[in-house]
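Q: Structure, please.
(chains A and B)
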Amino acid sequence: ILNVEQSPQSLHVQEGDSTNFTCSFPSSNFYALHWYRWETAKSPEALFVMTLNGDEKKKGRISATLNTKEGYSYLYIKGSQPEDSATYLCAYRRNNNDMRFGAGTRLTVKP
Amino acid sequence: NAGVTQTPKFRILKIGQSMTLQCAQDMNHNYMYWYRQDPGMGLKLIYYSVGAGITDKGEVPNGYNVSRSTTEDFPLRLELAAPSQTSVYFCASSYGGQKNIQYFGAGTRLSVL
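A: You can find the predicted model right below:
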């Protein structure tokens, strides 16, 4: 069974707060780890793809880290803004064709 | 470029009816995917295709069929709709490879009553 777990399920923060959430995945047979941002009534959009242990990616105020040996990735948002409100999905791949999504972390940023 | 286009956006079916969800992409991607998304759950892979003429099952293929006669199109067929198939369906496409970013369509919301 390939379990991809995301925590927390939901998060409410104030504008300006920094926040982070976790994606846990099997530590064996790692191929790649993806983060997607999914706004309500829109399609998921790719944020990052990470393939190597220790990878760190950054896009504006959002960054992600990867630990393949212990099977987790963190997504950080610095100085959250209301427009960051969305569901953040991670997806684990063990080969080229297989992508397993977590259930997502739903972030709400209050002005 | 339109990206990934799904039709219809919404549909209500009666139990036992059939329908085809359409998906087309204009990015010349080899890989295409169908997912379903149920409340509180992640996206579950139904079927995928690595190129025209090649399809394979994902996690939850039962009750669905696909075909891939062209690079652009990847329709999903429901033969005998059941209430358990009430869901939001997303089509996606990508170039493939390790840094394989999938591009998603806007989704089809299907209710089976």
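
Q: name the element the spatially most central residue of chain B belongs to?
A: Here the mean C-alpha position of chain B is nearest to the C-alpha of residue B:34 (CA atoms, centre = their mean), at a distance of 2.9 Å. Taking DSSP states H and E as the definition, residue B:34 sits inside strand B:31-37.

Q: List the strands paired with that strand, with their directions.
A: Using DSSP bridges, the strands paired with strand B:31-37 in its sheet are strand B:43-51 (antiparallel), strand B:87-94 (antiparallel).

Q: Now do the residue nearest to the residue nearest to the centre of chain B when sequence neighbours are not counted: how many residues are near it, please.
A: Leaving aside its chain neighbours, residue B:34 sits nearest to residue B:46 (4.4 Å; criterion: CB to CB, 6 or more residues apart in numbering or on different chains). C-beta: built from backbone N, CA, C; applies to glycine. Taking other CB atoms under 10 Å in any protein chain shown as the neighbour definition, residue B:46 ends up with a count of 24.

Q: Residues of chain A that sit close to chain B?
A: Residues of chain A lying near chain B by CB under 8 Å from any CB of the partner chain: A:4, A:31-32, A:34, A:42-46, A:49, A:51, A:89, A:91, A:93, A:96-104.

Q: Filter those residues down to the buried ones.
A: Buried residues within these, defined by neighbour count using 16 or more other CB atoms under 10 Å in any protein chain shown: A:4, A:31-32, A:34, A:43-44, A:46, A:49, A:89, A:91, A:93, A:97-104.

Q: who in chain B is up against chain A?
A: Within chain B, the positions lying close to chain A (CB under 8 Å from any CB) are B:4, B:31, B:33, B:35, B:40-45, B:48, B:50, B:56, B:59, B:90, B:96-107.

Q: now, of the strands paired with strand B:31-37, which is deepest in the fold?
A: Using mean count of other CB atoms under 10 Å in any protein chain shown, the stretch among the strands paired with strand B:31-37 with the largest mean neighbour count is strand B:87-94, at a mean of 23.
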